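# sequence isn't available, so here's the structure alone:
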DNA sequence: CCTTATAGGGTACGTCCAGTACCCTATAGA
DNA sequence: TCTATAGGGTACTGGACGTACCCTATAAGG
């Protein structure tokens, strides 16, 4: 009474199960046995596809999410920056982001995992969005042309990430985002003569 | 043929052994069995003092290091900032720093551990050092008084930390430190009218 | 000086989990 | 219809955390 799943179908089932486990228990709670059980298969099928737990974790994460990079256009640099940070904050503090953070923290020990994460993190796309934001601000005369610089563009997101690393886990309060924009980002843009 | 160690003495021996293990193998390599063996005792003696591995890890880390916070006074804000970053970079990329990073990454999952780390990381002391640096710059007329702001003070170290999180593990190149100072920190100070 | 509570030491578990090994069987494709 | 391949079942090794038990050295008090 067949219907033994194979190939694509089974692979999707495993990834789905792994993604669920990730969402429920984070990366540390992602165990091969439980994924196998949940997918209604066994560890063989998993290890035939991914060499170890980390690889499965990443695959499951990317299966569960294609991170959308926002590109707000509010008419002011302050509005754009704040919107970017708020979106990012929302993403990172969602269950989704919890998975990502869990993976990232696990990656600190595992260089291979870190590389894979970086490739999938969309960091460059993010930086590009900030740069075009700055371009628009320059066009409006809101910022000097010298403000369009990759490191300037990357600074707010880096500060947000650092904030996450400091605090425990939950969402970063909005006041902090505003502070990053008003006390750091805007003065920085202004100061680049 | 006694000389069974007790109390203080035994505790120091355990911490010493744990610190050595940390240095050699990082936090993931810190196992209770090996610490016990290395200290010439057994796990009972350890668990009687620390409730779990994480607690021992932190205790061992602080036993092995009292982080000295530098306070350079080179005569210019740029020189001071660069020196601070260089010192920090050296600390973080040393075997010592590897231990710290290893603990931090493990702490991302464990709020209790994160708190203990934060308490011991000397972050406030570090921020104070940057603030007095800024004070001196204001006194010299190098920076506007409004530049003395906690978030401004914390920014360069946060950027350095983010850089560590991005890259794999090793030392951050000096060019990056210079860029953080010249392209972000100094313009930021300048821009705070 | 003797007695006793306490802390160390030895050791063996129970449990969980990664990763591997075998062996049997359904299924696709020739 | 036959056969190579991929799934499934299951058991096992090895490492690690944390616990339980029981024996013994030692410190402190009468």
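Cool, got the structure. Keep in mind that what you see is a predicted model, and the values were worked out from it rather than measured.
# longest single helix anywhere in chain A?
Once chain A is assigned using DSSP state H, the helix that runs over the most residues is helix A:7-25.
# and that helix, is it in reach of DNA strand D?
Yes - counting by Cβ under 7 Å from any atom of the strand, contacts between helix A:7-25 and DNA strand D involve A:7, A:10-11. Any C-beta I mention is one placed from the backbone N, CA and C, and that applies to glycine too.
# as JSON lines, these with neighbour count would be great.
Below are the residues of helix A:7-25 next to DNA strand D laid out as JSON lines (neighbours: other Cβ atoms under 10 Å in any protein chain shown):
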{"residue": "A:7", "neighbour count": "7"}
{"residue": "A:10", "neighbour count": "18"}
{"residue": "A:11", "neighbour count": "19"}
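# DNA strand C: which of the residues you listed is nearest?
residue A:7 (8.0 Å; Cβ to the nearest atom of the strand).
# for that closest one, give me its contacts.
Applying Cβ atoms under 8 Å, 6 or more residues apart in numbering or on different chains to residue A:7 gives no contacts.
# from chain B, how far off is it?
Taking Cβ to the nearest Cβ, to the nearest Å as the measure, residue A:7 falls 35 Å from chain B.
# residue A:98 too?
Residue A:98 is 10 Å from chain B, by Cβ to the nearest Cβ.
# pLDDT and distance to residue B:84 added to the residues of helix A:7-25 next to DNA strand D, as CSV?
Formatted as CSV, these follow (pLDDT from 0 to 100; distance: Cβ to Cβ, whole Å):
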residue, pLDDT, distance to residue B:84
A:7, 79, 56
A:10, 88, 55
A:11, 88, 50
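# now distance to DNA strand C too, for the residues you listed, in JSON lines please.
Formatted as JSON lines, the residues of helix A:7-25 next to DNA strand D follow (distance: Cβ to the nearest atom of the strand, whole Å):
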{"residue": "A:7", "distance to DNA strand C": "8"}
{"residue": "A:10", "distance to DNA strand C": "11"}
{"residue": "A:11", "distance to DNA strand C": "14"}
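# and the next helix or strand after the longest helix of chain A, which residues are buried?
With elements assigned by DSSP states H and E, the helix or strand that comes after helix A:7-25 is helix A:32-38. In terms of neighbour count (16 or more other Cβ atoms under 10 Å in any protein chain shown), helix A:32-38 has its buried residues at A:32, A:34-36, A:38.
# I'd like the residues of helix A:7-25 next to DNA strand D laid out as CSV, including distance to residue A:127.
Formatted as CSV, these follow (distance: Cβ to Cβ, whole Å):
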residue, distance to residue A:127
A:7, 38
A:10, 38
A:11, 33
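# and which of the buried residues of helix A:32-38 is nearest to chain B?
Of all these, chain B sits closest to residue A:34, with 17.3 Å by Cβ to the nearest Cβ.
# from what I see, the closest one and residue A:21 are in contact.
Yes - at 5.9 Å, residue A:34 and residue A:21 qualify as touching, with contact defined as Cβ atoms under 8 Å.
# quick one: residue A:74 and residue A:80 touch, right?
Yes - using Cβ under 8 Å, residue A:74 is in contact with residue A:80, at 5.3 Å.
# how near is the residue in chain A that chain B sits nearest to to DNA strand D?
Residue of chain A nearest chain B, by Cβ to the nearest Cβ: residue A:191 (2.4 Å). Distance, residue A:191 to DNA strand D, using Cβ to the nearest atom of the strand, to the nearest Å: 49 Å.
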